[in-house]
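Undergrad: coordinates only, sequence not included:
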């Protein structure tokens with residue numbers, strides 16, 4: 001919520017500057033009217049940013065709760081049950097599963113490597129919050145800087161796909 005307020009203030013400030021510049025073209029307006037035009041533009045931008053941000057936050061939390069409930073209702077999964085066709089680093093798989101479980105606030109045993117992001121986890125893998133959380137967790141575990149990563153999860157459809165992508169990225173960094 002704090003970051004939403006900061007973002008709304010930044011947008012309002014930019015709108016104030018634009019409104020101030022725009023009011024210079026109102027030749028018949030006095031200084032008070034020009035300030036009022038700039039403030040109205042700024043206030044409108046501030047309120048719109050807050051409303052849209054809150055709407056997105058409410059949708060995100062609602063969808064996360066649904067996914068959390070869905071994950072908690074299904075049976076547990078254990079690493080011994082997973083046999084991958086690909087050469088997947090089990091330690092990286094563990095870190096990614098833990099990050100996803102922490103993101104949804106569920107036990108790790110509820111996250112399967114075969115989980116599809118859209119159908120099982122009900123999240124777009126390109127969702128910024130999700131990407132940032134998973135990347136930061138992996139970066140902390142593997143000691144590389146997450147700012148350097150140009151993330152492209154678009155081709156990752158399952159948790160295993162994501163691990164393979166991260167594994168390739170880590171190999172390229174070494």
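TA: Great, that's in hand. Computed from a prediction, not measured in an experiment: that's the story for all the values here.
Undergrad: which regions of this structure lie under the pLDDT threshold?
TA: Within the chain, the stretches with pLDDT under 70 are 80-86, 143-154, 173-174.
Undergrad: domain ranges for it?
TA: 2-62, 79-173 (automatic domain parsing).
Undergrad: ranking the ones you listed by burial, who's on top?
TA: Burial of those is given as mean neighbour count (mean count of other C-beta atoms under 10 Å); domain 79-173 ranks first at a mean of 16. C-betas here are computed from N, CA, C, even on glycine.
Undergrad: next one: it to chain centre, how far?
TA: 14 Å (C-alpha atoms, centre = their mean, to the nearest Å).
Undergrad: can you pull the contacts of residue 77?
TA: 109, 110, 111, 112 (C-beta atoms under 8 Å, 6 or more residues apart in numbering).
Undergrad: nearest to residue 41, of those residues?
TA: Checking the contacts of residue 77 against residue 41 by C-beta to C-beta gives residue 111 as the nearest, at 46.3 Å.
Undergrad: which of the contacts of residue 77 lies closest to residue 70?
TA: residue 110 (9.3 Å).
Undergrad: got a list of what that closest one touches?
TA: 71, 72, 74, 76, 77, 101.
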